[in-house]
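Peer 1: Pasted the sequence and its predicted model underneath.
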Amino acid sequence: MGCSGCNTGRGNHNQNNDGIPKGCNNNGSCGTTGGCNKLNVFNWLGNMKLPEGEKTFDVLEIRFKNSRKDFFKNTNGLPLNIGDVVAVEAMQGHDIGVVSLTGELVKLQMKKRNVNFDSQEIKKIYRKAKQNDVDKWKEAQSLEVSTMYRARTIALQLGLQMKLSDVEFQGDKSKAIFYYTADERVDFRELIKVLADEFKVRIEMRQIGARQEASRLGGIGACGRELCCSTWLIDFRTVSTSAARYQQLSLNPLKLAGQCGKLKCCLNYELDNYVETLKTFPIIENKYLHTQKGDAFHQKTDIFRGIMWFSYKQEPSVLIPLKPEQVKDVLNKNEKGEKPEDFIAAVIETKTKVVEEPVFENVVGQDSLTRFDSKNKKHKHYSKGNKNTGAAQRQGKPVQKNQGNKPNKPNNQNRNNPGNKNNNGNKNK
(Lines give C-alpha, C1' and ligand atoms only; values in the text may rest on other atoms or scores of the structure.)
Protein backbone atom coordinates (compact mmCIF):
# COMPACT_ATOMS: atom_id res chain seq x y z
CA MET A 1 0.00 0.00 0.00
CA GLY A 2 2.09 2.87 -1.21
CA CYS A 3 1.29 6.57 -1.15
CA SER A 4 -1.89 6.35 0.91
CA GLY A 5 -1.42 9.17 3.39
CA CYS A 6 0.78 11.98 2.12
CA ASN A 7 1.08 15.17 4.11
CA THR A 8 -0.78 16.95 1.34
CA GLY A 9 -3.63 14.46 1.62
CA ARG A 10 -3.19 13.29 -1.95
CA GLY A 11 -2.32 9.65 -2.46
CA ASN A 12 -3.85 6.61 -4.13
CA HIS A 13 -7.30 7.89 -3.22
CA ASN A 14 -6.71 11.00 -5.32
CA GLN A 15 -5.43 10.20 -8.79
CA ASN A 16 -5.06 11.95 -12.07
CA ASN A 17 -7.09 10.97 -15.08
CA ASP A 18 -4.29 8.70 -16.27
CA GLY A 19 -4.35 6.72 -13.00
CA ILE A 20 -1.04 8.08 -11.66
CA PRO A 21 -1.40 9.13 -8.00
CA LYS A 22 -0.58 12.61 -6.87
CA GLY A 23 1.39 13.51 -3.78
CA CYS A 24 5.01 12.31 -3.65
CA ASN A 25 4.95 11.32 -7.38
CA ASN A 26 6.37 7.86 -6.72
CA ASN A 27 3.49 6.39 -8.73
CA GLY A 28 2.37 4.14 -5.90
CA SER A 29 5.71 2.34 -5.52
CA CYS A 30 7.12 3.72 -2.30
CA GLY A 31 10.06 1.84 -0.87
CA THR A 32 8.63 1.73 2.64
CA THR A 33 6.13 -0.88 3.77
CA GLY A 34 3.39 1.58 4.65
CA GLY A 35 4.11 4.15 1.99
CA CYS A 36 4.93 7.72 2.96
CA ASN A 37 2.66 7.67 6.00
CA LYS A 38 3.90 9.00 9.31
CA LEU A 39 4.42 6.85 12.40
CA ASN A 40 4.20 3.55 10.52
CA VAL A 41 4.21 0.40 12.66
CA PHE A 42 5.41 -2.97 11.42
CA ASN A 43 3.09 -5.74 12.63
CA TRP A 44 5.68 -8.36 13.55
CA LEU A 45 2.92 -10.56 15.03
CA GLY A 46 0.81 -10.50 11.88
CA ASN A 47 1.94 -13.91 10.56
CA MET A 48 1.49 -15.72 13.89
CA LYS A 49 -1.64 -17.75 14.53
CA LEU A 50 -3.50 -17.44 17.78
CA PRO A 51 -3.84 -20.45 20.08
CA GLU A 52 -6.98 -22.53 19.79
CA GLY A 53 -9.95 -20.97 21.48
CA GLU A 54 -8.50 -17.43 21.41
CA LYS A 55 -10.40 -14.70 19.64
CA THR A 56 -8.83 -11.90 17.65
CA PHE A 57 -8.49 -8.67 19.58
CA ASP A 58 -11.46 -6.50 18.62
CA VAL A 59 -9.73 -3.11 19.01
CA LEU A 60 -7.97 -1.59 15.99
CA GLU A 61 -5.66 1.38 15.59
CA ILE A 62 -6.93 3.92 13.07
CA ARG A 63 -4.72 6.59 11.54
CA PHE A 64 -5.97 9.96 10.39
CA LYS A 65 -4.09 12.90 8.91
CA ASN A 66 -0.40 13.11 9.78
CA SER A 67 0.36 11.74 13.24
CA ARG A 68 -3.15 11.60 14.69
CA LYS A 69 -4.10 8.06 15.73
CA ASP A 70 -6.79 6.57 17.91
CA PHE A 71 -8.23 3.20 18.98
CA PHE A 72 -11.66 1.97 17.88
CA LYS A 73 -13.67 -1.17 18.63
CA ASN A 74 -14.71 -3.52 15.88
CA THR A 75 -18.07 -4.33 17.44
CA ASN A 76 -19.57 -5.68 14.20
CA GLY A 77 -16.75 -8.16 13.63
CA LEU A 78 -15.80 -6.78 10.23
CA PRO A 79 -12.90 -8.52 8.42
CA LEU A 80 -10.49 -5.58 8.36
CA ASN A 81 -6.84 -5.51 7.33
CA ILE A 82 -4.12 -2.90 7.46
CA GLY A 83 -4.77 -0.24 4.82
CA ASP A 84 -8.56 -0.50 4.73
CA VAL A 85 -10.48 2.78 4.72
CA VAL A 86 -13.20 2.75 7.39
CA ALA A 87 -15.90 5.03 8.75
CA VAL A 88 -15.61 5.49 12.51
CA GLU A 89 -17.60 7.19 15.25
CA ALA A 90 -16.90 10.85 16.01
CA MET A 91 -18.19 13.37 18.52
CA GLN A 92 -20.79 14.41 15.98
CA GLY A 93 -21.25 12.57 12.71
CA HIS A 94 -18.55 10.18 11.48
CA ASP A 95 -14.93 10.38 10.44
CA ILE A 96 -12.87 8.55 7.81
CA GLY A 97 -9.56 6.91 8.66
CA VAL A 98 -7.19 4.16 7.59
CA VAL A 99 -6.50 0.98 9.57
CA SER A 100 -2.85 1.15 10.68
CA LEU A 101 -2.61 -1.81 13.08
CA THR A 102 -4.60 -4.93 13.95
CA GLY A 103 -4.25 -7.99 16.16
CA GLU A 104 -2.34 -8.54 19.36
CA LEU A 105 0.13 -5.73 18.72
CA VAL A 106 -2.68 -3.25 19.40
CA LYS A 107 -2.67 -4.41 23.03
CA LEU A 108 0.97 -3.39 23.38
CA GLN A 109 0.24 0.01 21.88
CA MET A 110 -2.68 0.54 24.28
CA LYS A 111 -0.50 -0.40 27.26
CA LYS A 112 2.14 2.00 26.03
CA ARG A 113 -0.39 4.84 25.91
CA ASN A 114 -2.10 3.80 29.18
CA VAL A 115 -5.46 3.08 27.55
CA ASN A 116 -7.74 0.62 29.30
CA PHE A 117 -8.99 -2.27 27.15
CA ASP A 118 -12.54 -2.09 28.58
CA SER A 119 -12.79 1.69 28.56
CA GLN A 120 -16.18 3.07 27.59
CA GLU A 121 -14.48 6.02 25.88
CA ILE A 122 -13.27 3.83 23.01
CA LYS A 123 -15.44 4.64 20.02
CA LYS A 124 -16.78 2.20 17.45
CA ILE A 125 -16.06 1.34 13.83
CA TYR A 126 -19.21 1.71 11.75
CA ARG A 127 -18.34 0.11 8.43
CA LYS A 128 -15.92 0.01 5.57
CA ALA A 129 -15.96 3.29 3.73
CA LYS A 130 -18.30 3.40 0.75
CA GLN A 131 -17.58 5.22 -2.45
CA ASN A 132 -19.70 8.19 -1.35
CA ASP A 133 -17.73 8.39 1.89
CA VAL A 134 -14.41 8.36 0.04
CA ASP A 135 -15.58 11.04 -2.42
CA LYS A 136 -16.66 13.36 0.39
CA TRP A 137 -13.40 12.64 2.22
CA LYS A 138 -11.35 13.61 -0.85
CA GLU A 139 -13.40 16.76 -1.32
CA ALA A 140 -12.77 17.76 2.31
CA GLN A 141 -9.04 17.17 1.97
CA SER A 142 -8.87 19.32 -1.16
CA LEU A 143 -10.21 22.28 0.86
CA GLU A 144 -7.62 22.11 3.64
CA VAL A 145 -4.85 24.17 2.03
CA SER A 146 -7.08 27.01 0.84
CA THR A 147 -8.88 27.05 4.20
CA MET A 148 -5.60 27.37 6.08
CA TYR A 149 -4.45 30.33 3.95
CA ARG A 150 -7.80 32.07 4.37
CA ALA A 151 -7.78 31.48 8.14
CA ARG A 152 -4.27 32.95 8.40
CA THR A 153 -5.47 36.10 6.64
CA ILE A 154 -8.42 36.43 9.00
CA ALA A 155 -6.18 35.96 12.06
CA LEU A 156 -3.86 38.71 10.85
CA GLN A 157 -6.79 41.05 10.27
CA LEU A 158 -7.96 40.43 13.84
CA GLY A 159 -4.45 41.12 15.15
CA LEU A 160 -4.05 37.76 16.91
CA GLN A 161 -0.52 36.70 17.89
CA MET A 162 -0.82 33.11 16.72
CA LYS A 163 0.41 30.93 13.89
CA LEU A 164 -1.95 28.55 12.09
CA SER A 165 0.13 25.60 10.94
CA ASP A 166 -2.40 23.02 9.75
CA VAL A 167 -6.08 22.34 9.12
CA GLU A 168 -7.84 18.98 9.23
CA PHE A 169 -11.40 18.40 8.07
CA GLN A 170 -13.54 15.62 9.47
CA GLY A 171 -14.42 12.85 7.03
CA ASP A 172 -18.05 13.89 6.70
CA LYS A 173 -17.01 17.53 6.08
CA SER A 174 -18.95 18.80 9.12
CA LYS A 175 -16.03 19.88 11.31
CA ALA A 176 -12.61 21.47 10.89
CA ILE A 177 -9.73 21.34 13.37
CA PHE A 178 -7.28 24.26 13.26
CA TYR A 179 -3.84 23.59 14.75
CA TYR A 180 -1.95 26.65 15.92
CA THR A 181 1.09 27.67 17.97
CA ALA A 182 1.32 30.73 20.20
CA ASP A 183 3.75 32.03 22.80
CA GLU A 184 1.03 33.55 24.97
CA ARG A 185 -2.63 33.00 25.67
CA VAL A 186 -4.82 33.96 22.71
CA ASP A 187 -8.48 34.98 22.83
CA PHE A 188 -9.79 33.47 19.61
CA ARG A 189 -13.54 33.64 20.30
CA GLU A 190 -14.04 36.25 17.62
CA LEU A 191 -11.92 34.19 15.25
CA ILE A 192 -14.15 31.14 15.73
CA LYS A 193 -17.24 33.17 14.87
CA VAL A 194 -15.67 34.54 11.70
CA LEU A 195 -14.39 31.13 10.59
CA ALA A 196 -17.74 29.47 11.23
CA ASP A 197 -19.52 32.07 9.08
CA GLU A 198 -16.83 31.82 6.41
CA PHE A 199 -16.65 28.03 5.99
CA LYS A 200 -20.08 26.91 7.35
CA VAL A 201 -18.60 24.14 9.52
CA ARG A 202 -18.00 23.59 13.22
CA ILE A 203 -14.64 24.98 14.29
CA GLU A 204 -12.24 23.50 16.84
CA MET A 205 -9.02 25.28 17.80
CA ARG A 206 -6.23 23.03 19.09
CA GLN A 207 -2.97 24.45 20.38
CA ILE A 208 0.20 22.45 19.80
CA GLY A 209 3.86 22.98 20.68
CA ALA A 210 6.77 23.70 18.39
CA ARG A 211 7.84 20.03 18.35
CA GLN A 212 4.33 18.86 17.45
CA GLU A 213 4.21 21.44 14.68
CA ALA A 214 7.45 20.10 13.21
CA SER A 215 6.11 16.54 13.44
CA ARG A 216 2.99 17.47 11.47
CA LEU A 217 4.81 19.46 8.81
CA GLY A 218 7.81 17.11 8.45
CA GLY A 219 11.19 17.84 6.94
CA ILE A 220 14.81 16.70 6.61
CA GLY A 221 17.14 17.01 9.58
CA ALA A 222 20.81 17.92 9.73
CA CYS A 223 21.68 14.20 9.61
CA GLY A 224 20.16 13.94 6.12
CA ARG A 225 17.25 11.77 7.20
CA GLU A 226 13.58 12.54 7.78
CA LEU A 227 12.75 14.09 11.13
CA CYS A 228 12.37 11.61 13.98
CA CYS A 229 9.26 13.38 15.26
CA SER A 230 7.49 12.89 11.94
CA THR A 231 8.42 9.22 11.49
CA TRP A 232 8.50 7.34 14.81
CA LEU A 233 8.97 9.63 17.81
CA ILE A 234 5.81 10.25 19.84
CA ASP A 235 7.24 10.98 23.30
CA PHE A 236 8.49 14.56 23.29
CA ARG A 237 10.63 14.86 26.41
CA THR A 238 12.27 18.05 27.52
CA VAL A 239 15.84 18.55 26.33
CA SER A 240 18.15 20.73 28.42
CA THR A 241 21.59 22.14 27.77
CA SER A 242 23.03 19.78 30.39
CA ALA A 243 22.59 16.97 27.85
CA ALA A 244 25.06 18.78 25.59
CA ARG A 245 27.48 19.37 28.47
CA TYR A 246 27.52 15.71 29.43
CA GLN A 247 28.37 14.79 25.83
CA GLN A 248 31.20 17.34 25.62
CA LEU A 249 29.42 19.36 22.92
CA SER A 250 29.91 23.04 22.28
CA LEU A 251 26.92 25.13 23.34
CA ASN A 252 26.25 26.50 19.89
CA PRO A 253 22.51 27.19 19.39
CA LEU A 254 22.83 26.98 15.61
CA LYS A 255 24.11 23.40 15.82
CA LEU A 256 22.06 22.15 18.75
CA ALA A 257 18.67 23.52 17.64
CA GLY A 258 16.40 21.60 15.31
CA GLN A 259 13.96 22.85 12.71
CA CYS A 260 11.38 23.55 15.42
CA GLY A 261 13.75 26.02 17.09
CA LYS A 262 14.12 23.85 20.19
CA LEU A 263 17.04 21.66 21.21
CA LYS A 264 17.28 18.50 19.12
CA CYS A 265 15.49 15.47 20.51
CA CYS A 266 18.43 13.25 19.52
CA LEU A 267 20.51 14.80 22.31
CA ASN A 268 18.65 12.49 24.71
CA TYR A 269 19.30 9.29 22.76
CA GLU A 270 22.82 8.56 24.11
CA LEU A 271 22.63 10.68 27.23
CA ASP A 272 22.17 7.71 29.61
CA ASN A 273 25.32 6.02 28.31
CA TYR A 274 27.36 9.18 28.77
CA VAL A 275 26.07 9.72 32.30
CA GLU A 276 26.82 6.09 33.20
CA THR A 277 30.34 6.30 31.77
CA LEU A 278 31.13 9.60 33.51
CA LYS A 279 30.53 7.94 36.87
CA THR A 280 33.87 6.15 36.47
CA PHE A 281 35.71 9.49 36.18
CA PRO A 282 36.66 11.50 39.29
CA ILE A 283 34.73 14.69 39.87
CA ILE A 284 36.99 17.66 39.10
CA GLU A 285 35.18 20.90 39.84
CA ASN A 286 37.32 23.87 40.85
CA LYS A 287 40.01 21.45 41.99
CA TYR A 288 43.70 21.37 41.20
CA LEU A 289 46.21 18.55 41.24
CA HIS A 290 48.96 19.77 43.54
CA THR A 291 52.48 18.56 42.74
CA GLN A 292 55.95 19.72 43.70
CA LYS A 293 56.34 21.17 40.21
CA GLY A 294 53.14 23.19 40.48
CA ASP A 295 49.36 23.05 40.32
CA ALA A 296 47.63 21.45 37.36
CA PHE A 297 44.06 22.13 36.24
CA HIS A 298 41.64 20.05 34.19
CA GLN A 299 41.40 20.89 30.51
CA LYS A 300 39.11 18.29 28.92
CA THR A 301 37.94 14.68 29.14
CA ASP A 302 38.01 12.06 26.42
CA ILE A 303 35.15 9.76 27.38
CA PHE A 304 35.70 7.21 24.64
CA ARG A 305 39.43 6.69 25.33
CA GLY A 306 39.12 7.11 29.10
CA ILE A 307 41.67 9.92 29.36
CA MET A 308 41.63 13.18 31.32
CA TRP A 309 43.84 16.01 30.12
CA PHE A 310 45.58 18.39 32.55
CA SER A 311 47.93 21.34 32.23
CA TYR A 312 50.18 23.19 34.64
CA LYS A 313 49.35 26.80 35.38
CA GLN A 314 52.75 27.91 34.16
CA GLU A 315 52.43 25.77 31.01
CA PRO A 316 48.77 25.93 29.94
CA SER A 317 49.55 24.95 26.34
CA VAL A 318 51.11 21.61 27.35
CA LEU A 319 48.48 18.90 27.72
CA ILE A 320 49.25 15.94 29.98
CA PRO A 321 47.01 12.85 29.55
CA LEU A 322 46.18 10.84 32.67
CA LYS A 323 44.00 7.86 33.39
CA PRO A 324 41.14 8.28 35.87
CA GLU A 325 42.91 5.90 38.29
CA GLN A 326 46.01 8.08 38.24
CA VAL A 327 43.95 11.20 38.89
CA LYS A 328 42.23 9.53 41.85
CA ASP A 329 45.62 8.53 43.24
CA VAL A 330 46.91 12.10 43.06
CA LEU A 331 43.71 13.43 44.68
CA ASN A 332 44.04 10.94 47.53
CA LYS A 333 47.64 12.01 48.12
CA ASN A 334 46.63 15.68 48.11
CA GLU A 335 43.95 15.00 50.74
CA LYS A 336 46.67 13.45 52.95
CA GLY A 337 48.86 16.48 52.45
CA GLU A 338 51.27 14.73 50.11
CA LYS A 339 52.47 16.11 46.83
CA PRO A 340 53.94 13.87 44.14
CA GLU A 341 57.07 15.11 42.47
CA ASP A 342 55.62 15.25 38.99
CA PHE A 343 52.88 13.21 37.40
CA ILE A 344 54.45 13.48 33.96
CA ALA A 345 56.17 10.19 34.81
CA ALA A 346 52.71 8.61 34.95
CA VAL A 347 51.69 9.98 31.58
CA ILE A 348 50.11 7.52 29.26
CA GLU A 349 52.46 6.71 26.42
CA THR A 350 50.22 7.16 23.46
CA LYS A 351 52.20 5.38 20.84
CA THR A 352 50.96 5.87 17.36
CA LYS A 353 50.43 2.53 15.75
CA VAL A 354 51.67 2.40 12.20
CA VAL A 355 48.96 0.78 10.18
CA GLU A 356 50.52 -1.15 7.35
CA GLU A 357 48.54 -0.93 4.21
CA PRO A 358 47.69 -4.30 2.68
CA VAL A 359 49.69 -5.31 -0.37
CA PHE A 360 47.36 -6.28 -3.16
CA GLU A 361 48.84 -8.70 -5.65
CA ASN A 362 48.35 -8.12 -9.33
CA VAL A 363 45.90 -10.92 -10.10
CA VAL A 364 44.26 -9.20 -13.05
CA GLY A 365 47.42 -8.73 -15.08
CA GLN A 366 47.35 -4.97 -15.09
CA ASP A 367 51.06 -4.21 -15.05
CA SER A 368 52.65 -0.82 -14.97
CA LEU A 369 52.44 1.28 -18.10
CA THR A 370 56.17 1.96 -17.91
CA ARG A 371 57.20 -1.68 -17.56
CA PHE A 372 58.84 -1.67 -21.02
CA ASP A 373 60.87 1.43 -20.33
CA SER A 374 64.44 0.72 -19.31
CA LYS A 375 65.65 2.89 -16.47
CA ASN A 376 69.34 2.85 -17.57
CA LYS A 377 68.70 2.89 -21.29
CA LYS A 378 70.90 5.30 -23.23
CA HIS A 379 69.79 6.72 -26.52
CA LYS A 380 72.33 5.83 -29.19
CA HIS A 381 72.74 7.84 -32.32
CA TYR A 382 73.66 5.45 -35.04
CA SER A 383 75.86 6.64 -37.89
CA LYS A 384 75.22 5.89 -41.49
CA GLY A 385 77.43 2.85 -41.36
CA ASN A 386 75.47 1.33 -38.47
CA LYS A 387 72.04 1.26 -40.12
CA ASN A 388 72.24 -2.49 -40.63
CA THR A 389 72.64 -3.01 -36.92
CA GLY A 390 69.09 -2.02 -36.06
CA ALA A 391 67.70 -4.09 -38.94
CA ALA A 392 69.65 -7.11 -37.78
CA GLN A 393 68.34 -6.73 -34.25
CA ARG A 394 64.75 -6.53 -35.46
CA GLN A 395 65.19 -9.66 -37.60
CA GLY A 396 66.78 -11.58 -34.74
CA LYS A 397 70.16 -12.03 -36.49
CA PRO A 398 73.44 -11.86 -34.60
CA VAL A 399 75.00 -8.48 -34.76
CA GLN A 400 78.62 -8.16 -35.76
CA LYS A 401 80.35 -5.48 -33.85
CA ASN A 402 82.48 -2.79 -35.35
CA GLN A 403 80.92 -3.04 -38.80
CA GLY A 404 81.11 0.69 -39.19
CA ASN A 405 83.79 2.83 -40.71
CA LYS A 406 86.35 1.98 -38.04
CA PRO A 407 88.44 -1.14 -38.71
CA ASN A 408 88.69 -3.92 -36.19
CA LYS A 409 91.49 -3.50 -33.73
CA PRO A 410 94.07 -6.24 -33.96
CA ASN A 411 94.30 -8.67 -31.12
CA ASN A 412 97.45 -8.16 -29.10
CA GLN A 413 97.88 -11.89 -28.57
CA ASN A 414 97.65 -12.67 -32.28
CA ARG A 415 99.95 -9.78 -33.15
CA ASN A 416 102.69 -10.88 -30.81
CA ASN A 417 102.25 -14.60 -31.41
CA PRO A 418 101.49 -15.46 -35.01
CA GLY A 419 100.57 -18.99 -34.15
CA ASN A 420 97.73 -20.07 -31.93
CA LYS A 421 98.99 -21.21 -28.57
CA ASN A 422 97.33 -23.09 -25.79
CA ASN A 423 97.59 -22.25 -22.11
CA ASN A 424 100.89 -24.12 -21.85
CA GLY A 425 102.50 -21.96 -24.51
CA ASN A 426 102.87 -24.90 -27.03
CA LYS A 427 102.03 -24.55 -30.68
CA ASN A 428 99.13 -26.52 -32.01
CA LYS A 429 100.08 -29.30 -34.36
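Peer 2: The structure has been received and is ready for your questions.

Peer 1: Let me know whether Phe199 touches Ala176 as I believe.
Peer 2: Yes: counting by CB atoms under 8 Å, Ala176 is a contact partner of Phe199 at 6.4 Å. In this view, the C-beta of every residue, glycine as well, is placed from N, C-alpha and C.

Peer 1: For those two, work out which one has more neighbours and name it.
Peer 2: Per other CB atoms under 10 Å, whichever of Phe199 and Ala176 has more neighbours is Ala176, with 23 against 17.

Peer 1: Quick one: residues contacting the more buried one.
Peer 2: Taking CB atoms under 8 Å, 6 or more residues apart in numbering as the criterion, Ala176 is in contact with Thr147, Val167, Glu168, Phe169, Gln170, Leu195, Phe199, Val201, Arg202, Ile203, Glu204.

Peer 1: Try it again at 7 Å.
Peer 2: Contacts here follow CB atoms under 7 Å, 6 or more residues apart in numbering; on that basis Ala176 touches Thr147, Val167, Phe169, Phe199, Val201, Ile203.

Peer 1: What segments of the stretch 51-200 of the chain are strands?
Peer 2: For the stretch 51-200 of the chain, the strands defined by DSSP state E, counting those that start in this stretch cover 59-63, 69-73, 85-89, 94-101, 123-128, 163-169, 175-181.

Peer 1: can I get those in CSV with mean pLDDT?
Peer 2: Listed next are those as CSV, based on pLDDT from 0 to 100:
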stretch, mean pLDDT
strand 59-63, 93
strand 69-73, 93
strand 85-89, 94
strand 94-101, 93
strand 123-128, 94
strand 163-169, 93
strand 175-181, 94
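
Peer 1: how about these, which one is nearest Phe310?
Peer 2: Judged by CB to CB, the one of the strands of the stretch 51-200 of the chain that comes nearest to Phe310 is strand 175-181, at 47.4 Å.

Peer 1: Give me the buried positions along that closest one.
Peer 2: Lys175, Ala176, Ile177, Phe178, Tyr179, Tyr180 (16 or more other CB atoms under 10 Å).

Peer 1: Mind listing the shared neighbours of Phe199 and Ala176?
Peer 2: When CB under 7 Å, 6+ apart defines a contact, the residues bordering Phe199 and Ala176 alike are Thr147.

Peer 1: that older thread, pick the one among the contacts of Ala176 closest to Thr231.
Peer 2: Val167 (22.2 Å).

Peer 1: Output the strands of the stretch 51-200 of the chain as a markdown table; include the columns distance to Ala296.
Peer 2: As requested, the strands of the stretch 51-200 of the chain are exported to a markdown table (distance: least, CB to CB, whole Å):
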| stretch | distance to Ala296 |
| --- | --- |
| strand 59-63 | 59 |
| strand 69-73 | 57 |
| strand 85-89 | 68 |
| strand 94-101 | 59 |
| strand 123-128 | 67 |
| strand 163-169 | 53 |
| strand 175-181 | 50 |
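
Peer 1: Could you pull up phi and psi at Arg113?
Peer 2: phi -100, psi 10 (degrees, to the nearest 10).

Peer 1: Between the strands of the stretch 51-200 of the chain, which one is closest to Phe188.
Peer 2: Nearest to Phe188 among the strands of the stretch 51-200 of the chain is strand 175-181; the distance by CB to CB comes to 8.1 Å.

Peer 1: List the strands paired with that closest one, with their directions.
Peer 2: With DSSP bridges as the test, strand 175-181 is paired with strand 163-169 (antiparallel), strand 202-207 (parallel).

Peer 1: Report the buried residues of the last one.
Peer 2: Under the neighbour-count criterion of 16+ other CB under 10 Å, strand 202-207 has Arg202, Ile203, Met205 buried.

Peer 1: could you say what helices and strands whichever helix or strand comes after that strand packs with?
Peer 2: As assigned by DSSP states H and E, the chain's next helix or strand after strand 202-207 is helix 210-217. For helix 210-217, the helices and strands in contact under the criterion 3 or more CB pairs under 7 Å, 6 or more residues apart in numbering; DSSP states H and E are strand 163-169, strand 175-181.

Peer 1: Flag the shaky bits of the chain, pLDDT-wise.
Peer 2: Within the chain, the segments meeting pLDDT under 70 span 1-38, 343-369, 371, 374-429.

Peer 1: now the angle from the longest helix along it to strand 175-181?
Peer 2: The longest helix of the chain (DSSP state H) is helix 144-157. Angle of helix 144-157 versus strand 175-181, following axes from the mean of the first three to the mean of the last three CA atoms, to 10 degrees, is 60 degrees.

Peer 1: From the chain's centroid, how far away is helix 144-157?
Peer 2: 35 Å (CA atoms, centre = their mean, to the nearest Å).

Peer 1: those helices in the chain, which residues are they?
Peer 2: Under DSSP H, the chain gives helices at 105-112, 131-142, 144-157, 189-199, 210-217, 241-246, 253-256, 271-278, 324-335, 387-395, 412-416.

Peer 1: Quick one: the ones you listed as TSV, columns for distance to Gln292 too.
Peer 2: Listed next are the helices of the chain as TSV, based on distance: least, CB to CB, whole Å:
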stretch	distance to Gln292
helix 105-112	60
helix 131-142	78
helix 144-157	72
helix 189-199	75
helix 210-217	55
helix 241-246	33
helix 253-256	42
helix 271-278	30
helix 324-335	11
helix 387-395	82
helix 412-416	87
